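Student: need coordinates for the below:
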Amino acid sequence: MDLRLNNRLLGAAAVLVAAASLPVTGLTAASAHTSAVSGTEHFQSMAASATATPVVIAHGVFTDHGVNHPGAKVDTFVLQKGRFQVAHKVTSTIHHFNPKTCLDQLLLRGTYTLGHGTGKYAGISGSGTLVFSLLAILPRVSGKCSTTKPPVALQVILKESGPVSLP
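Tutor: Below you'll find the predicted structure:
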């Protein structure tokens, strides 16, 4: 697979890895800063385009949604009532590409850490594990799979979970 497309897909993977790390809102004004809230939070992110901003849903102890602004190793999640950073680390990668069908499959596993929150997320901390899945069909150009053009179909799903704490 061409390095440029692989970097684009891995960049999309990093975006979603971080994006799904989006935790916690849904706090009431009274509970946001007067007592600690903690528990297991689950995050799911999905995108259907290499250029789309991933939408993330957090659920478990808290429920909220927002978007991810990716960085090289640290992403910023902007939710309804604040923002925070998510540092992610990929610990294993499985990649399969079928040049006959142009099907590209990527599975990443790793960890994430939360911090540097503002608004209702001031003081947020937590960490957990992630699983990222990418399934794409590359376009054909002159009968061959093109690694320089965007995929004709793409599905990216990121699932994360772990303990979260807000002071």
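Student: and the strands in the chain?
Tutor: With DSSP state E as the criterion, the chain has strands at 37-47, 55-60, 64-69, 74-79, 82-98, 103-115, 125-137, 140-141, 144-145, 153-166.
Student: for the fourth one, which positions count as buried?
Tutor: I take that to be strand 74-79. Buried residues in strand 74-79, defined by neighbour count with 16 or more other C-beta atoms under 10 Å: Asp75, Thr76, Phe77, Leu79. (Glycine included, C-beta is placed from N, CA and C.)
Student: pick out the most distant pair among those.
Tutor: Looking at the buried residues of strand 74-79 by C-beta to C-beta, the two members farthest from one another are Asp75 and Leu79, with 12.6 Å of separation.
Student: any idea how far Leu134 lies from Glu160?
Tutor: 15 Å (C-beta to C-beta, to the nearest Å).
Student: now Met46
Tutor: Counting by C-beta to C-beta, the gap between Met46 and Glu160 amounts to 13 Å.
Student: so which of those two has more stuff around it?
Tutor: A count of neighbours by other C-beta atoms under 10 Å puts Glu160 above the other of Met46 and Glu160, at 30 against 17.
Student: the more buried one contacts Phe43, correct?
Tutor: Yes. At 4.4 Å, Glu160 counts as touching Phe43 under the criterion of C-beta atoms under 8 Å.
Student: so who does the residue nearest to Gln105 when sequence neighbours are not counted touch?
Tutor: Nearest in space to Gln105, with sequence neighbours left out and distances taken as C-beta to C-beta, 6 or more residues apart in numbering, is His96 at 4.5 Å. Each residue near His96 by C-beta atoms under 8 Å, 6 or more residues apart in numbering is listed here: Leu103, Asp104, Gln105.
Student: what residues are up against the second one?
Tutor: By C-beta under 8 Å, 6+ apart, the residues touching Asp104 are Met1, Leu9, His95, His96, Phe97, Asn98, Leu134, Leu135, Ala136, Ile137, Leu138, Pro151.
Student: Throw those residues into TSV and include distance to Ala36 and pLDDT, thanks.
Tutor: Supplementary listing: the contacts of Asp104 in TSV, determined by distance: C-beta to C-beta, whole Å; pLDDT from 0 to 100:
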residue	distance to Ala36	pLDDT
Met1	46	47
Leu9	39	49
His95	41	98
His96	44	98
Phe97	47	97
Asn98	49	97
Leu134	36	95
Leu135	40	97
Ala136	42	97
Ile137	47	97
Leu138	48	97
Pro151	44	96
